[in-house]
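K.L.:
okay, sequence plus prediction incoming.
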Amino acid sequence: MSYRNETSRIESFSDGVFAIAITLLVIEIKVPGIEEVRVIGLTKAVLNLWPSYLAFLTSFTTILVLWVHHHWIFVLVKKYDHVLFYLNGLLLLFVTFMPFPTALLAEYLLYRDSRIAANIYTGVFLAISLSFDILWRHASIYLLEKDAIVTGKAEALEITKHYRFGPPLYTLAFGMSFVSEPLSLAICLCLALFFAFRGWPFRGKQ
């Protein structure tokens with residue numbers, strides 16, 4: 001059963017989760033210890049944190065883009081059903097987990113076990129991509145009202161085309177994490193920037 005609603009409650013709750021998750025990311029950037037600073041100096045100690053900066057930037061950009069695209073979806077979806085609540089919750093589950101793999105990758109990127117950290121990190125990104133795709137597929141099939149299908153048809157088609165690329169590309173990033181950890185992280189950052197453009201390369205194509 002579907003219910004007409006502004007879906008404001010779902011979006012407001014989700015906004016809060018996105019805000020908390022994106023804020024927690026910066027907490028994982030640790031201040032250099034006094035002993036380390038005494039040995040190499042504060043400037044070098046701060047520069048040595050570059051894995052933390054890279055992981056933070058990638059995760060921050062990805063969550064920001066997710067938040068934007070989440071709003072993009074709910075501009076079109078004006079009613080909900082119980083399945084939408086749970087699919088949205090599945091997406092938020094992975095979003096709230098994001099600070100952990102971010103901290104793990106930042107801590108171990110330069111160490112022997114970096115591959116495991118990269119596997120977990122890109123695996124969570126893949127899970128987010130899949131859950132987002134499932135959320136949109138359900139919403140577009142069952143929850144778009146007739147006026148949205150007519151007036152927002154181009155927008156809905158653009159979203160569908162755009163999200164079609166998500167799971168395969170993040171699967172590539174996950175696979176690359178078994179070969180090159182830095183390259184897999186770079187792919188994730190590039191994908192975040194790519195999706196930030198809301199699929200502009202595909203606009204106007206049917």
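P.N.:
Great, that's in hand.

K.L.:
quick one: residues in contact with stretch 55-75.
P.N.:
The set of residues external to stretch 55-75 that reach it, using Cβ atoms under 8 Å, 6 or more residues apart in numbering, is 7, 10-11, 14-15, 18, 21-22, 25-26, 28-29, 91, 95, 98-99, 102-103, 105-106, 109, 121, 125, 128, 132, 135-136, 139, 152, 159, 185, 188-189, 191-193, 195-196, 198. Just so you know, the C-beta spots here come from the backbone N, C-alpha and C atoms, and that holds for glycine as well.

K.L.:
now this protein, which segments are flagged as low pLDDT?
P.N.:
For the chain, the stretches with pLDDT under 70 are 1-6, 145-157, 198-206.

K.L.:
which residues in it form helices?
P.N.:
Assigned by DSSP state H, the helices in the chain fall at 8-27, 34-40, 42-47, 50-76, 82-97, 99-108, 114-142, 146-151, 153-164, 166-176, 181-195.

K.L.:
can you add mean neighbour count and give these back as CSV?
P.N.:
Below are those laid out as CSV (neighbours: other Cβ atoms under 10 Å):
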stretch, mean neighbour count
helix 8-27, 15
helix 34-40, 11
helix 42-47, 13
helix 50-76, 19
helix 82-97, 17
helix 99-108, 21
helix 114-142, 20
helix 146-151, 11
helix 153-164, 16
helix 166-176, 18
helix 181-195, 19
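
K.L.:
now Ile40: how far from Leu54?
P.N.:
20 Å (Cβ to Cβ, to the nearest Å).

K.L.:
what do you get for Glu35?
P.N.:
24 Å.

K.L.:
quick check: phi and psi on Pro32?
P.N.:
Main-chain dihedrals, Pro32, degrees, to the nearest 10: phi -60, psi 140.

K.L.:
who touches it in this structure?
P.N.:
Contacts of Pro32 (Cβ under 8 Å, 6+ apart): 42, 45-46, 48-49.

K.L.:
how about Ala117?
P.N.:
Ala117 touches 101, 104-105, 107-109, 181, counting by Cβ under 8 Å, 6+ apart.

K.L.:
how about a cut-off of 6 Å?
P.N.:
Contact analysis of Ala117 by Cβ atoms under 6 Å, 6 or more residues apart in numbering lists 104-105, 108.

K.L.:
how close does it sit to Tyr80?
P.N.:
37 Å.

K.L.:
next: Ile187.
P.N.:
With Cβ to Cβ as the criterion, Ile187 and Tyr80 are 34 Å apart.

K.L.:
cool, Leu169 as well?
P.N.:
29 Å.

K.L.:
with Phe132 instead?
P.N.:
Counting by Cβ to Cβ, the gap from Phe132 to Tyr80 is 17 Å.

K.L.:
just Ala139 next, same as before
P.N.:
Counting by Cβ to Cβ - Ala139 and Tyr80 are separated by 9 Å.
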